[in-house]
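Visitor: Take this sequence and fold it.
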Amino acid sequence: MLKRLIIVAIATATLAGCANTSTLSGDVYDSRQAKQAQDVSYGTIVSIKPVQIQAGNDANVIGTLGGAVIGGLLGNTIGGGTGRSLATAAGAVAGGVAGSAIEGAVNRTNGIQMVVRKDDGKSIVVVQKNGDKPFSQGQRVMLIGSGNNVTVSPN
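Guide: As a prediction, the model looks like this:
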């Protein structure tokens, strides 16, 4: 039983390592953005508000499947015959629910919502992970990108 608990702990730690929130920062670009010309405009931060960013998707498939497998394995160690089958099924369901919740919590990161008044008079809202350079209200910033993909960077 102790060995199985150790396996569960290792598997849980492995699932927790799946989160990658670095791409939510204004300092990180994905490979499609590298060596691509991007629009640049300038503006001033009007307001900043801390927010939570949920990385990944709401399905949390990896956590659900991993939790179901682990829960099923643990449930299979209980009883015998029909009782073992019921415990295995219940363990898989409970493990899937727990695994999904764990993955959702692990993939959450702190971010900021910035309202920026662009020099052309229009205001936009950008949400991104706060990088190494803190932002402040009234700060001049550079807006890189266009449409649905804009990064705020200190000017």
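Visitor: Which helix or strand lies directly C-terminal to the least confident helix or strand in the chain by mean pLDDT?
Guide: When the helices and strands of the chain are compared on mean pLDDT, DSSP states H and E, helix 2-16 comes out lowest with a mean of 51. Remark: after helix 2-16, the chain's next helix or strand is strand 40-54, criterion DSSP states H and E.
Visitor: Of all the residues in that next one, which ones are buried?
Guide: If you call a residue buried by 16 or more other C-beta atoms under 10 Å, then strand 40-54 has these buried ones: 41, 43, 45, 48, 53. For the C-beta atoms, the positions are set from N, CA and C on the backbone; glycine is no exception.
Visitor: hey, what's the fourth one bridged with?
Guide: The reference is to residue 48. Residue 48 has these beta-bridge partners by DSSP bridges: residue 114.
Visitor: Equivalent analysis for the second one, please.
Guide: Bridge pairing for residue 43 (DSSP bridges) gives the partners residue 118, residue 141.
Visitor: residues near the closest residue to residue 52 other than its chain neighbours, how many?
Guide: Of all residues not flanking residue 52 in the chain, residue 108 sits nearest, at 5.5 Å (C-beta to C-beta, 6 or more residues apart in numbering). Close neighbours of residue 108, defined as other C-beta atoms under 10 Å, add up to 15.
Visitor: again with residue 71
Guide: 24.
Visitor: and it, which of the three is it?
Guide: Under DSSP: H, G, I helix; E, B strand; the rest coil, the three-state class of residue 71 is helix.
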